[in-house]
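[1] dropping the sequence and predicted coords here.
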Amino acid sequence: MKTKVIVIGDGISGLSAGIYALRCGFNVTILESHSMAGGICTSWGRKGYLFEGGMHWLAGSNKNEAVNKLWRHVGALDDNVAIRYSEPFLEYGHNGASILVYRDIETTERGLIELSPADAKEIRRFCNNIRKLKGFSEAISDLRGVKVTKKKRAPLSMFFSLISVIGVMNKYAKISREQYANRFLHEGIREMLRSIPGDQQGIAMFFMTMGSLARGDGGFPEGGSLPFAGRMVKAFTALGGQILYNTRAERVIVEDGRAVGVLTGGKRMDAGAVIITADTMAIERLFEAPLKSPWLDRMRRVTGPTMVTFISLGINADLKKYNNYYIFKLKNPIVFAGQKYEYLSVSNYAADPAYSPEGKTAMTVQLPGDTYDFWKKAKEDDTYEEKKQKIADEIIAAITAQMPEARGQIEVCDVATPLTYERYCGCWKGSWMTEIKPDMKFKPYPAVIKGLDCVYFAGQRMNPPGGLPAALMSGRAAVQYLCRETDTLFISEE
């Protein structure tokens with residue numbers, strides 16, 4: 001008789017855990033409080049436009065990446081899924097001209113030196129750091145003691161490339177983005193480096209990102225988040241899994257230190273194991289007694305939220321002339337929610353027919369920063385909609401000043417705040433990822449708590465700083481723990 005497994009959460013980690021568990025012979029039911037799958041890997045439609053709210057580029061999109069086998073194993077990618085690799089990767093608008101950063105590092109180097117010969121030495125050093133990280137690709141490992149059909153072994157080449165990675169990361173780990181940008185003489189190059197959203201504490205992770213792009217990874221699967229998650233749902237149900245939507249897990253039922261089921265809608269669902277993929281920073285509600293574990297204590301102590309407010313626009317104009325990833329400096333900084341924005345980062349989907357009707361453009365502006373308390377207070381004092389409209393008006397004014405073709409052509413405006421993500425995705429403070437800090441340990445947390453049997457934890461928070469591959473691998477890891485403790489053979493990727 002198959003062991004019944006309940007998975008709490010139908011995001012990428014929940015679907016990953018569900019698919020791996022089914023392939024290993026377990027009987028799996030997923031409980032999802034929302035009406036659709038995907039979790040943070042999501043997008044939403046408004047009046048004929050589709051606004052992307054989850055995926056911007058995908059690690060593991062390239063067939064040569066180890067993670068690609070995992071994406072294929074769970075059905076997210078296959079040979080029929082087109083992957084777009086936009087080139088140039090980034091365009092920075094500077095004084096009416098453009099500074100371009102390409103996936104091809106040689107093209108980037110030539111272009112930047114031509115732009116600023118006085119910075120040639122520093123530009124070459126910049127590009128050489130990316131080259132050093134170009135050969136590094138994260139390997140997939142197996143949990144010690146688990147029986148697998150095919151053991152994962154890191155290639156020897158990875159250990160040599162790891163030496164270069166450690167060298168670059170150690171050298172630049174404590175150098176801030178601002179400090180690094182000031183090494184360059186050209187104003188536009190300095191601004192471009194300051195403007196890139198993400199980790200503002202250090203430059204090391206930017207080199208890592210550019211190295212993966214230079215390696216040929218980091219493409220964008222056709223259609224983005226919704227079809228991506230949808231393919232995993234299809235794979236899960238084809239294997240016999242069941243998803244219960246609009247079903248909120250109220251509590252994990254624990255008897256004698258062992259999970260025996262889940263309470264939902266006031267009714268008990270029995271299970272031999274429970275995999276929790278809800279945000280690990282927000283799971284206390286699932287247990288009657290507070291959870292205690294050294295790794296959980298550390299997570300609570302060191303985790304900082306990375307969150308974004310999205311302003312999405314549906315524009316009755318073809319804006320393909322602007323790059324897919326377009327950044328520009330504001331003439332007048334926007335001060336909002338305790339944050340100061342000197343640059344706007346725009347995701348432009350004009351070239352992707354899945355996001356807007358022909359001749360029109362779906363565009364999203366990201367405003368990073370911890371604005372959770374601001375939005376929560378606005379909700380409480382009934383000024384939430386007013387403040388959303390205020391920031392929308394400021395963004396529209398900035399966009400139309402930079403892109404005159406959009407003036408008077410805004411058909412749709414949608415604002416998604418951290419509260420939006422908290423409400424629909426259940427993520428802690430509406431945060432996407434874990435804040436990258438200079439002293440952060442990029443090491444997965446264990447998927448189990450000593451003294452609490454038959455409960456396993458997954459989710460992007462379990463593998464800092466997070467992201468889609470982290471969610472995928474955490475689901476896989478949770479099932480390996482389950483297999484080890486039930487003496488079950490883990491079915492590996494082909």
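    Looks like it came in fine. Numbering: from 1, shown residues only.
[2] so which residues of this protein form helices?
    Under the criterion DSSP state H, helices of the chain are mapped to 12-23, 66-73, 105-115, 120-134, 156-172, 177-181, 187-195, 204-214, 225-238, 294-302, 372-380, 384-402, 418-425, 468-486.
[3] by mean pLDDT, show me the worst of those.
    Mean pLDDT across the helices of the chain is lowest at helix 156-172; the value there is a mean of 72.
[4] count of neighbours near the closest residue to residue 232 other than its chain neighbours?
    In space, residue 232 comes closest to residue 15 once its chain neighbours are excluded; the distance is 4.2 Å by CB to CB, 6 or more residues apart in numbering. Bear in mind the C-beta positions are built from the backbone N, C-alpha and C, glycine included. Residue 15 is surrounded by 33 other residues when neighbours are defined as other CB atoms under 10 Å.
[5] same thing with the one 3 residues further on?
    Neighbours of residue 18 under the rule other CB under 10 Å: 33.
[6] and stretch 87-106, how far out from the chain's middle?
    23 Å (CA atoms, centre = their mean, to the nearest Å).
[7] just stretch 404-424 next, same as before
    The chain centroid and the centroid of stretch 404-424 are separated by 20 Å, computed with CA atoms, centre = their mean.
[8] again with stretch 233-244
    23 Å.
[9] try stretch 208-221
    Here the centre of mass of C-alpha atoms in stretch 208-221, compared against the chain's by CA atoms, centre = their mean, lies 14 Å away.
[10] list the contacts of that stretch.
    For stretch 208-221, contacts defined as CB atoms under 8 Å, 6 or more residues apart in numbering pick out 55-62, 64-65, 76-77, 81-86, 89, 101, 103-105, 130-137, 165, 169, 198, 227-228.
[11] quick one: buried ones out of those residues?
    With neighbours counted by 16 or more other CB atoms under 10 Å, the contacts of stretch 208-221 contain buried members at 55, 57-62, 65, 76-77, 81, 83, 86, 89, 101, 103, 105, 130-137, 165, 169, 198, 227-228.
[12] hmm, back to that, out of the contacts of stretch 208-221, list just those in strands.
    With DSSP state E as the criterion, strands contain 83-84, 101 from among the contacts of stretch 208-221.
[13] pull out the buried positions in the longest strand along the chain.
    Across the chain, the strand with the greatest residue count (assigned by DSSP E) is strand 325-336. For strand 325-336, the buried set under the neighbour-count rule, 16+ other CB under 10 Å, comprises 325-329, 334, 336.
[14] which residues touch the residue nearest to residue 232?
    Remark: with contacts taken as CB under 8 Å, 6+ apart, residue 15 is in contact with 30, 37, 74, 229, 232-233, 236, 475.
[15] ok, it to residue 470 distance?
    If you measure residue 15 against residue 470 using CB to CB, to the nearest Å, the figure is 14 Å.
[16] what of residue 207?
    19 Å.
[17] my guess is residue 452 meets residue 256, correct?
    No - with contacts defined as CB atoms under 8 Å, residue 452 does not count as touching residue 256, sitting 10.9 Å away.
[18] the two: who's more crowded?
    Using other CB under 10 Å as the criterion, residue 452 and residue 256 rank with residue 452 on top: 19 against 6.
[19] how deep is the closest residue to the more buried one other than its chain neighbours tucked in, by neighbour count?
    Closest residue to residue 452 in three dimensions, ignoring its sequence neighbours and counting by CB to CB, 6+ apart: residue 257, at 6.4 Å. Using other CB under 10 Å, residue 257 is surrounded by 10 other residues.
[20] rewinding a little: quick one: which of the ones in strands among the contacts of stretch 208-221 is nearest to residue 309?
    Distances from the ones in strands among the contacts of stretch 208-221 to residue 309 were compared by CB to CB; the smallest belongs to residue 101, at 24.8 Å.
[21] what sits against that closest one?
    When contacts are counted by CB under 8 Å, 6+ apart, residue 101 touches 88-92, 108, 192, 210.
[22] distance to residue 383 added to those residues, as a markdown table?
    Formatted as a markdown table, the entries for the contacts of residue 101 read as follows, by distance: CB to CB, whole Å:
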| residue | distance to residue 383 |
| --- | --- |
| 88 | 41 |
| 89 | 38 |
| 90 | 36 |
| 91 | 36 |
| 92 | 35 |
| 108 | 45 |
| 192 | 36 |
| 210 | 41 |
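[23] neighbour-wise, give me the winner out of the contacts of residue 15.
    Using other CB under 10 Å as the contact criterion, the top neighbour count among the contacts of residue 15 goes to residue 475, which has 33 neighbours.
[24] mind checking how far residue 273 is from residue 282?
    Residue 273 sits at a distance of 21 Å from residue 282 (criterion: CB to CB).
[25] for residue 213, give its distance to residue 104.
    Using CB to CB, one gets 9 Å for the distance from residue 213 to residue 104.
[26] what does stretch 427-440 contact?
    The list of residues contacting stretch 427-440 from outside it, by CB under 8 Å, 6+ apart, reads 39-40, 173-174, 198-199, 201-202, 205, 279, 281-282, 302-308, 370, 372, 417-422, 460-461, 464-467.
[27] just the buried ones from those residues?
    The buried subset of the contacts of stretch 427-440 (16+ other CB under 10 Å) comprises 39-40, 173, 198-199, 201-202, 205, 279, 281, 303, 305-308, 370, 372, 417-422, 460-461, 464-467.
[28] quick one: contacts for residue 337?
    309, 369, 371, 374-375, 387, 391.
[29] which non-adjacent residue is nearest residue 407?
    Spatially, and ignoring its direct neighbours in sequence, residue 407 is nearest to residue 400 (4.4 Å; CB to CB, 6+ apart).
[30] and for that neighbour, the neighbour number?
    As a burial measure, the neighbour count of residue 400 was computed by other CB under 10 Å and equals 17.
[31] which residues touch it?
    With contact set as CB under 8 Å, 6+ apart, residue 400 has these partners: 406-408, 410.
[32] inside strands: which ones of those residues?
    Applying DSSP E to the contacts of residue 400, the entries found in strands are residue 410.
[33] which among the contacts of residue 400 end up buried?
    406, 410.
[34] can you put the contacts of residue 400 in CSV and add distance to residue 485?
    Formatted as CSV, these follow (distance: CB to CB, whole Å):
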residue, distance to residue 485
406, 56
407, 61
408, 62
410, 55
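[35] among the contacts of residue 400, find me the one that's closest to residue 240.
    Nearest to residue 240 among the contacts of residue 400: residue 410, at 46.6 Å, using CB to CB.
[36] is it true that the closest one touches residue 312?
    No - under the criterion of CB under 8 Å, residue 410 makes no contact with residue 312, lying 10.8 Å away.
[37] tell me the phi and psi of residue 337?
    Taking degrees, to the nearest 10, you get phi 60, psi 40 for the backbone angles of residue 337.
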